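Novice: Provided below are the primary sequence and the corresponding predicted coordinates.
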Amino acid sequence: MQPTVPHYTGDAFDEARLQTFGVGRSKLFIDLWCVAKTYLHLFDREPSYPYRIDALAQTGRPENAHPEGPAVALKGLLESATFDFFHRNTTNHAHGNKHLAYHLFDRNSNDYKIWERGLLHPLGYTFTEEEWKEAEALRQGIKTKCYDPVECRKAVDRFNAWLRRTLVCRRRHTHHKGALEHFELSEARIEEEFQEVALEMGTFLSLNESDLGRLLDYQHEMEWEVRSKSIVKEIESMQADVVGLQEVDRIEDLRDKLRRGGEGEREGGLKLAVFKHRKVRPYDDGCALFYNPKVLQLCRLRGQGGCMGAKGGEEDESLPAVAVIRYSGEAEAKQQLQQQQRERRRRGEEKRGDKEEAKREGQRTRGNAGG
């Protein structure tokens, strides 16, 4: 009796998914999606980015609606994102020279091993040794051109073009058993047939309605409006006078929330000393330093390239954003007073101890005399 094929998405690839991932959602399936998320930028924060999965669930945006639901729309989104990935170079995307095809198609990288085992091998897109030698030569060519942005982009384009051609040839061999070999592989023909390659990859990666719903629910929980309350509450519960944060992507809102203070024992809130933007993209994250103004004071601030600790002035990208903070006069006086009080208590305890020891010694002396 044949085993029941689990319902992944209910399409023609479910049998191949069963052979690759097994019953249920295996670690390979999860790892494959993590790689796809990274290289296809499926959760990119750029507002204009067209392949954001979280946009499928946003209400009030009829342009994202699909008559058959978000799971069907996901297939088209993954197809387009995959097609774009194999055409991306250093200048036609905001990320620049990051997470490009030549980064992924490195035979020795863990990401590629996951991509090959979870996607390429089930679809018949494995490379020969000769093809790997060609790929490595092209990858080395990119590395030698990195000093020149224009030449680097051209080298990346050559790698991408070779990769698309190789995948199209592999699909012809696997799917059509050589029946299309007599068709000339012009650039236009390659682009036309590569659309089918992207469609297969996007469809194989697709999720069913239930899995996509859980993914979107988790993504909703990670939205700033939802998680910021927990973040602020956790910071305030520490009662720290200095707080350093990294990967801060909503600095204005976080600054306002921490400045107002919360429900902790400390009166008032924290003040932003300095924020240094990562400066990869205008909406990217950065690192921030907050301090308690009742205990510390900001005495020097250098550099305003993405620095929000001071107002006004021109940005200077050549300078690091550095903030120097120290105990305020009020806090220092309070600390000295507390130290004096501790010292007086210690001396008082020592005096009481000496008196008690003298009293015990006198009792022992009188006891010995009476005996």
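Specialist: Received, thanks.

Novice: Only C-alpha atoms from now on, for both contacts and neighbour counts.
Specialist: Will do.

Novice: Identify the residue spatially nearest to D241, adjacent ones excluded.
Specialist: Closest residue in space to D241, ignoring its immediate chain neighbours: N292 at 4.8 Å, by C-alpha to C-alpha, 6 or more residues apart in numbering.

Novice: do the same with R255
Specialist: That would be L272: by C-alpha to C-alpha, 6+ apart, it lies 6.4 Å from R255.

Novice: I'd like to know how many residues surround the one you found.
Specialist: As a burial measure, the neighbour count of L272 was computed by other C-alpha atoms under 10 Å and equals 25.

Novice: just to revisit the earlier point, which residues does the residue nearest to D241 contact?
Specialist: A240, D241, V242, G269, L270, K271 (C-alpha atoms under 8 Å, 6 or more residues apart in numbering).

Novice: separation between A155 and H93?
Specialist: Taking C-alpha to C-alpha, to the nearest Å as the measure, A155 falls 16 Å from H93.

Novice: And E343, by the same measure?
Specialist: As defined by C-alpha to C-alpha, E343 lies at a distance of 64 Å from H93.

Novice: helices and strands of the protein: which one bottoms out on pLDDT?
Specialist: Counting by mean pLDDT, DSSP states H and E, the chain has its least confident helix or strand at strand 322-327, which shows a mean of 60.

Novice: Make sure I have this right: V274 is in a strand.
Specialist: Yes. Counting by DSSP: H, G, I helix; E, B strand; the rest coil, one finds V274 located in a strand.

Novice: after the least confident helix or strand of the chain comes which helix or strand?
Specialist: Downstream of strand 322-327, the first helix or strand assigned by DSSP states H and E is helix 329-370.

Novice: gap between that following helix and the chain center?
Specialist: Helix 329-370 has its average C-alpha position 57 Å from the chain's average C-alpha position, going by C-alpha atoms, centre = their mean, to the nearest Å.

Novice: re the thing from before, of A155 and H93, who's got more company?
Specialist: Higher neighbour count among A155 and H93: A155, with 23 against 14, using other C-alpha under 10 Å.

Novice: nearest residue to the more buried one other than its sequence neighbours?
Specialist: Counting by C-alpha to C-alpha, 6+ apart, A155 lies nearest to I142, which is 5.2 Å off, once chain neighbours are set aside.

Novice: Count the neighbours of that neighbour for me.
Specialist: Here the count is done by other C-alpha under 10 Å, and I142 has 21 residues near it.

Novice: got it, and the one 10 residues further on?
Specialist: By the criterion of other C-alpha under 10 Å, C152 has 21 neighbours.

Novice: Now do whichever helix or strand it is part of, average pLDDT.
Specialist: Counting by DSSP H and E, the secondary-structure element that holds C152 is helix 149-176. pLDDT averaged over helix 149-176 equals 89, rounded to a whole number.

Novice: Could you do stretch 270-277 as well?
Specialist: If you average the per-residue pLDDT over stretch 270-277, you get 85.

Novice: So what's the gap between that stretch and the chain middle?
Specialist: Centroid displacement of stretch 270-277 relative to its chain, using C-alpha atoms, centre = their mean, is 21 Å.

Novice: Please export the C-alpha coordinates of that stretch as CSV.
Specialist: What follows is stretch 270-277, C-alpha atoms only, in CSV (Å, rounded to 0.1, in the frame of the first residue of the first chain):
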residue,chain,number,x,y,z
LEU,A,270,16.8,57.4,29.9
LYS,A,271,18.3,59.9,27.5
LEU,A,272,20.0,59.2,24.2
ALA,A,273,23.7,59.9,24.3
VAL,A,274,24.6,58.9,20.7
PHE,A,275,23.3,56.8,17.8
LYS,A,276,25.5,55.7,14.9
HIS,A,277,23.7,54.7,11.8
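
Novice: right, and the helix or strand after the host helix or strand of I114?
Specialist: With elements delineated by DSSP H and E, I114 resides in helix 110-115, which encompasses its position. Sequence order places helix 121-123 as the next helix or strand after helix 110-115, per DSSP H and E.

Novice: average pLDDT across that next one?
Specialist: 93.

Novice: same question, stretch 218-235
Specialist: Mean pLDDT, taken over the full extent of stretch 218-235, equals 82.

Novice: tell me the contacts of the residue nearest to A155?
Specialist: Contacts were defined as C-alpha under 8 Å, 6+ apart; by that measure I142 touches C152, A155, V156.

Novice: What angle do helix 149-176 and the helix or strand harbouring it make with each other?
Specialist: Under the criterion DSSP H and E, the helix or strand holding I142 is helix 129-144. Relative orientation of helix 129-144 versus helix 149-176 (axes from the mean of the first three to the mean of the last three C-alpha atoms, to 10 degrees): 160 degrees.

Novice: Could you list the buried residues of helix 129-144?
Specialist: Within helix 129-144, the residues scored as buried using 16 or more other C-alpha atoms under 10 Å are A135, E136, L138, R139, G141, I142.

Novice: low pLDDT regions in the stretch 1-150 of the chain?
Specialist: Low-confidence segments of the stretch 1-150 of the chain, defined by pLDDT under 70, are located at 1-8, 24, 45-48, 57-69, 94.

Novice: what are the ranges of the strands in the stretch 151-300 of the chain?
Specialist: 242-248, 271-277, 286-291, 296-302 (DSSP state E, counting those that start in this stretch).

Novice: Using a markdown table, lay out the ones you listed together with distance to A358.
Specialist: Shown next, in a markdown table, are the strands of the stretch 151-300 of the chain (distance: least, C-alpha to C-alpha, whole Å):
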| stretch | distance to A358 |
| --- | --- |
| strand 242-248 | 47 |
| strand 271-277 | 54 |
| strand 286-291 | 49 |
| strand 296-302 | 46 |
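
Novice: if we compare the ones you listed, which one ends up closest to D211?
Specialist: strand 242-248 (27.9 Å; C-alpha to C-alpha).

Novice: helices or strands up against the closest one?
Specialist: Helices and strands touching strand 242-248, as assessed by 3 or more C-alpha pairs under 8 Å, 6 or more residues apart in numbering; DSSP states H and E, comprise strand 286-291.
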